[in-house]
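Q: Please find the sequence and the predicted model below.
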Amino acid sequence: MTAGATTLAIIPHSRPYFGREEIEATTRVIQSRHVAQGIEVEQLENEWAAATGNRGSACVGSGLAALRLALHATGVKAGSEVIVPAYSCTALLNAVLALGAAPVLADVKVDRWTLDPESALRRRTPRTAAIIVVHLFGMPAEVAPLRAAGVPIIEDCAHGIGGSVAGTPFGALGGASIASFYATKMIAGGEGGVVASSDENLLKTVKNARNPADQKPSSIFLNDKLTDLEAAIIRVQLGRLRWTLSERAARAARYAELLTPLASRGLVILPAEQDGRIWYRYAVRLSAHPAANVARELYAIGVHADQPVWDLRQAVEWPREFRGSDVAFDRVLSLPLYPDLSPAEQQRVCEALTGVLR
């Protein structure tokens, strides 16, 4: 490096937003000396149910725990099959496998990246016990055709709430919904998850299973509780959800403006607009460049863009007809997006991407 040269800080792919309110909320819990599951968790459960249009919810220790327990409470067991999107987090498969059930992959639609209902329904068998649908990156999943088939729907809202499908809010479209509060999520508590439903028996089953104390030994009971410390942070973030969605949407609109020259040259396909969508990720499709190569080149010049879903093709027998998922794994690149992404940072991201794709 030459004398006087400066190195720009990496623009991270994800950056949780915390303010004075989170500090005050966690201080309140610490001063109370009750940091385990308690009143904060109970209040969060009530607030989450209201935000998602459900009668109740049950907080747990992670998004994976939420999905595993929601599937368990829905009746998934050893020998069952559960249909999952092939382009999705491996946590979905892990939750199914943890119950002794078999994940059955179905394709996603190009440029929506959500589960293709036709592909899913072709894979239904007498052993199908549930279908998991994900509002990937904030794009509303097509739930109606799946619900009409009569198979229990588990709605994965790990990429956020606040969106809707035909006027129904994310989180109220299936028999149960789950969400994650991991540090990179739209509502970030560090760790944590939640199951929401209007089925009181389902929620009772989840709440019973999250606490192994004073129960017969079982592989289901794995101490899946959320702490009041985490719940306090999550409650603050849930309270500012409308602001968070607005700030993310504003930055998504700016990306669309800044990246129009690349799109007009056919180098990128911008994320699809859709009624009811929210902006958890800003994921573009590259027309001619492998996403993995572009991500490496961007990181080398200070921008952490990412392939947002681990390539499952390395680990399972892959159906040749999964065109949508193949395209997604090869070409989808997620750009930094969060409420405090500055105009200068966003400009730098777009200039870097333009330089790499030139």
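A: Structure received.

Q: Give me the helices and strands touching the worst-scoring helix or strand of the chain on mean pLDDT, please.
A: Confidence across the helices and strands of the chain bottoms out at helix 144-148, with a mean of 93, counting by mean pLDDT, DSSP states H and E. With contacts defined as 3 or more CB pairs under 8 Å, 6 or more residues apart in numbering; DSSP states H and E, the secondary structure elements packing on helix 144-148 are helix 117-122. Glycine gets a C-beta too; all of them are placed from N, C-alpha and C.

Q: Now tell me what touches the helix it packs on from outside.
A: Outside helix 117-122, the residues within contact range by CB atoms under 8 Å, 6 or more residues apart in numbering are 83, 106-108, 131, 142, 145-146, 149, 322.

Q: That helix: how far from the chain's middle?
A: Shown here is helix 117-122, whose average C-alpha point lies 22 Å from the average C-alpha point of the whole chain (CA atoms, centre = their mean, to the nearest Å).

Q: can you check stretch 201-210 too?
A: The chain centroid and the centroid of stretch 201-210 are separated by 22 Å under CA atoms, centre = their mean.

Q: And the least confident helix or strand of the chain, what's buried?
A: Using 16 or more other CB atoms under 10 Å as the burial criterion, the residues of helix 144-148 that qualify are 146-147.

Q: Give the next helix or strand downstream of that helix.
A: strand 153-156 (DSSP states H and E).

Q: Any quick PyMOL command for the buried ones out of the contacts of helix 117-122?
A: Selecting just the buried residues from the contacts of helix 117-122 in PyMOL takes one command, with 16+ other CB under 10 Å as the test:
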select buried, resi 83+106+107+108+131+142+146+322
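
Q: which pair in the contacts of helix 117-122 spans the largest distance?
A: 149 and 322 (20.2 Å; CB to CB).

Q: who's in contact with residue 295?
A: Neighbour list for residue 295: 305-307, 333 [criterion: CB under 8 Å, 6+ apart].

Q: farthest pair in those?
A: In terms of CB to CB, those reach their longest pairwise distance at 305 and 307, which sit 8.5 Å apart.

Q: Neighbour count for those two, which is higher?
A: Regarding residue 305 and residue 307, a neighbour count based on other CB atoms under 10 Å identifies residue 305 as having more, with 25 against 19.

Q: didn't the more buried one look like it was pressed against residue 335?
A: Yes - with contact defined as CB atoms under 8 Å, residue 305 and residue 335 form a contacting pair (5.2 Å).

Q: joint contacts of the two?
A: Common neighbours of residue 305 and residue 335 are listed as 349, 353 (criterion: CB under 8 Å, 6+ apart).

Q: What segments of this protein are strands?
A: Along the chain, counting by DSSP state E, strands occupy 56-60, 81-85, 102-106, 128-134, 153-156, 164-165, 168-169, 176-180, 193-197, 268-269, 282-286, 332-335.

Q: In this structure, where is pLDDT below threshold?
A: 1-7 (pLDDT under 70).

Q: about what we covered before: so which of the contacts of residue 295 is the closest to residue 37?
A: Distance to residue 37 across those (CB to CB) is lowest for residue 306, with 32.9 Å.

Q: What distance do you get for that closest one to residue 157?
A: According to CB to CB, to the nearest Å, residue 306 stands 21 Å off from residue 157.

Q: neighbour-wise, which of the two wins?
A: Applying other CB under 10 Å to residue 306 and residue 157 shows that residue 157 carries more neighbours, namely 31 against 20.

Q: The more buried one: what's it in contact with?
A: With contacts defined as CB under 8 Å, 6+ apart, residue 157 is in contact with 52, 135, 170-171, 177-179.

Q: Adding distance to residue 343, write the residues you listed out as CSV.
A: Converted to CSV, those look like this (distance: CB to CB, whole Å):
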residue, distance to residue 343
52, 33
135, 28
170, 29
171, 32
177, 35
178, 35
179, 30
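
Q: ok, of those, which one's closest to residue 206?
A: Comparing the contacts of residue 157 against residue 206 with CB to CB picks out residue 178 as the nearest, at 9.8 Å.

Q: Who are the contact partners of the closest residue to the closest one other than its chain neighbours?
A: For residue 178, the nearest residue in space outside its immediate sequence neighbours is residue 66; the separation is 3.9 Å by CB to CB, 6 or more residues apart in numbering. Residues in contact with residue 66, defined by CB under 8 Å, 6+ apart, are 60, 178-180, 193-195.

Q: Residue 206 now?
A: 58, 60, 69-70, 72-73, 195.

Q: Highest neighbour count among those?
A: Within the contacts of residue 206, most neighbours by other CB under 10 Å means residue 70, with 33 neighbours.

Q: how many other residues sit next to residue 319?
A: For residue 319, the neighbour count with other CB under 10 Å is 14.

Q: was I right about it contacting residue 105?
A: Yes - counting by CB under 8 Å, residue 319 sits close enough to residue 105 to count as a contact (6.9 Å).

Q: what is in contact with those two at once?
A: When CB under 8 Å, 6+ apart defines a contact, the residues bordering residue 319 and residue 105 alike are residue 86.

Q: For the closest residue to residue 28 other than its chain neighbours, give me its contacts.
A: Distance criterion CB to CB, 6+ apart; nearest residue to residue 28, sequence neighbours excluded, is residue 232 at 6.8 Å. Taking CB under 8 Å, 6+ apart as the contact definition, residue 232 lies against 22, 25-26, 28-29, 40.
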